[in-house]
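> got a structure for you, letters missing:
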Ligand code: PAF
């Protein structure tokens, strides 16, 4: 049975009763669940005695109110998926419960968080790191699971955990893709049928273009609005929008093919 917890106080009481003997795996999400999230849950279940998932659409990480308002989370549907997976606990607090300080206190990183997603979405990573710090601290989990689709987020979370000596292991999980290569994302469901078909060209071009300039040119030609295409530390990153829907992705760069 899945225990549903709606406030920090309730969670703290629940967590206290679990004790420290059993290992807890934690999967932070904003809902709008898809197979990518299910993989994080299954990985946690295979490595821990218990698994908890948070469903919290974190307002502070949205720099755009319209994006927040249209975020496709459906609590009943998400809960049904987690129950079917056999998750032990779902933590779905209110904004007031998570931000008793009204976001006066925040965690920020002063370098990598300003690149790529940080340039396009000012303040985004302050909101992400702040809520992840709160969630991980509350969870008391041994491990937390993050997808590589949000690679920059993953690296920043790992950096925060190291910087603040947080006693938790961050487990990186491979990006889950649809049959045509599009990385699964909650936002994909906002694409029209033709937009969804077109979206598959994004990962293909990002992965195969010989140069960054070529990737940008091919993406624009295909009808995407390009926010950035960059290479950093052996990975190529891209963000585009299509029909007003943001898509991000990244691939390890095949160094042998460019020699
Ligand atoms: O990746 C996400 O869904 C969110 O950024 C996270 C980690 C749950 C924080 O709100």
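Good, I have the coordinates. Keep in mind that what you see is a predicted model, and the values were worked out from it rather than measured.

> so where do the strands sit in the stretch 51-200 of the chain?
If DSSP state E, counting those that start in this stretch is used as the criterion, the strands of the stretch 51-200 of the chain fall at 89-91, 143-147, 169-173.

> Any chance of the ones you listed in JSON lines with distance to the ligand, mean neighbour count and mean pLDDT as columns?
From N, CA and C alone the C-beta is placed, and that goes for glycine too. Written out in JSON lines, the entries for those read as follows (distance: least, C-beta to the nearest ligand atom, whole Å; neighbours: other C-beta atoms under 10 Å; pLDDT from 0 to 100):
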{"stretch": "strand 89-91", "distance to the ligand": "11", "mean neighbour count": "22", "mean pLDDT": "98"}
{"stretch": "strand 143-147", "distance to the ligand": "7", "mean neighbour count": "22", "mean pLDDT": "98"}
{"stretch": "strand 169-173", "distance to the ligand": "11", "mean neighbour count": "17", "mean pLDDT": "98"}
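
> Of those, which is nearest residue 214?
Proximity to residue 214, assessed across these by C-beta to C-beta, is greatest for strand 143-147 (27.3 Å).

> Mind listing the strands the closest one pairs with, and their directions?
For strand 143-147, the pairing partners within the sheet under DSSP bridges are strand 24-29 (parallel), strand 169-173 (parallel).

> For that strand, what is the distance to the chain centroid?
Here the centre of strand 143-147 is set off from its chain's centre by 9 Å, with C-alpha atoms, centre = their mean, to the nearest Å.

> Going forward, the N-terminal residue is numbered 29.
OK, 29 is where the count begins now, so the last one is strand 171-175.

> Outside of that strand itself, list whatever touches it.
In this structure, residues lying in contact with strand 171-175 by C-beta atoms under 8 Å, 6 or more residues apart in numbering are 51, 53-56, 64-65, 67-69, 71-72, 75-76, 164, 181-182, 185, 196-204.

> repeat that with 6 Å
53-55, 64, 68, 71-72, 164, 182, 196-199, 201 (C-beta atoms under 6 Å, 6 or more residues apart in numbering).

> Apart from its neighbours in sequence, what residue is nearest the residue nearest in space to the middle of the chain?
Per C-alpha atoms, centre = their mean, the C-alpha nearest to the average position across the chain is that of residue 178, at 5.4 Å. Excluding the flanking residues, the one nearest residue 178 by C-beta to C-beta, 6 or more residues apart in numbering is residue 276, at 7.3 Å.
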